[in-house]
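Chemist: Return atomic coordinates for the entry below.
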Amino acid sequence: MHTFTRGRRAGDSSESTYADARECRVFDEERYALSYRLPEIVKNLWARKCYHARNQNYLSLDGISTAERPCDYRVFFVLRRLKRDGASPRPCVRLIVQSAYATRPSNQGKERPIRFRVLLHRVLGLGVGSKKRRPRTNAGPRSPDLLDIPLLVRTPEGG
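Modeler: Residues are numbered from 1 along each chain as shown. As a prediction, the model looks like this:
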């Protein structure tokens, strides 16, 4: 509902309101028009940068231009792991778009981006296979006890 409605204002008519058990909102022409971009944005999340948002939500930004100004189209979404049923042996994730709206272009430098692939791996509880483990510079065991070598202790007297 947050992809095509906005919060109510004092002069809004009751004809264009949408309500559910939690809230009452008003139809917004701009949000509705921009919501047609959502299927393509969701299809391409794999290639997009995402950011952490509040309440276990994530954010994807899309630089667009409306009739009035250049802006960021902010798409907030949540990822949930689905329990497997007998039909699908593969792990599944449900992506729910929570909200989407246009804002003034923002300074993205404050947040570090995270790849969508990393988010999927985290939700599924999988490790991200892209990081290669660096070999240790000392390839041998770290403890002399493991080598069956007696530990030599030097005293300050040199003995």
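Chemist: Off-centre distance for stretch 76-83?
Modeler: Shown here is stretch 76-83, whose average C-alpha point lies 10 Å from the average C-alpha point of the whole chain (Cα atoms, centre = their mean, to the nearest Å).
Chemist: Mind listing residues that contact it?
Modeler: Applying Cβ atoms under 8 Å, 6 or more residues apart in numbering, the set of residues contacting stretch 76-83 from outside is 2, 42, 53, 56-60, 91-100, 119-120, 123-125. (Glycine included, C-beta is placed from N, CA and C.)
Chemist: Which among the residues you listed count as buried?
Modeler: 2, 53, 58-60, 97-100, 119-120, 123 (16 or more other Cβ atoms under 10 Å).
Chemist: Tell me which of those residues fall in helices.
Modeler: When helices are assigned by DSSP state H, the members of the buried ones among the contacts of stretch 76-83 inside them are 119-120, 123.
Chemist: any idea where the helices of this structure begin and end?
Modeler: Using DSSP H, helices in the chain cover 29-34, 38-43, 116-124.
Chemist: hmm, back to that, next step: the buried ones among the contacts of stretch 76-83 restricted to strands.
Modeler: The subset of the buried ones among the contacts of stretch 76-83 located in strands under the criterion DSSP state E comprises 58-60, 97-100.
Chemist: ok, so of these, who is nearest Ile114?
Modeler: Within these, the smallest distance to Ile114 is 7.9 Å, found for Tyr58 (Cβ to Cβ).
Chemist: Next up, the contacts around the closest one.
Modeler: If you count contacts by Cβ under 8 Å, 6+ apart, Tyr58 has them with 50-52, 76-79, 114, 119.
Chemist: What separation is there between it and Ile96?
Modeler: In this view, Tyr58 and Ile96 are 11 Å apart by Cβ to Cβ, to the nearest Å.
Chemist: Could you do Arg8 as well?
Modeler: 23 Å.
Chemist: same thing with Arg54?
Modeler: In this structure, Arg54 lies at 15 Å from Ile96, with Cβ to Cβ as the measure.
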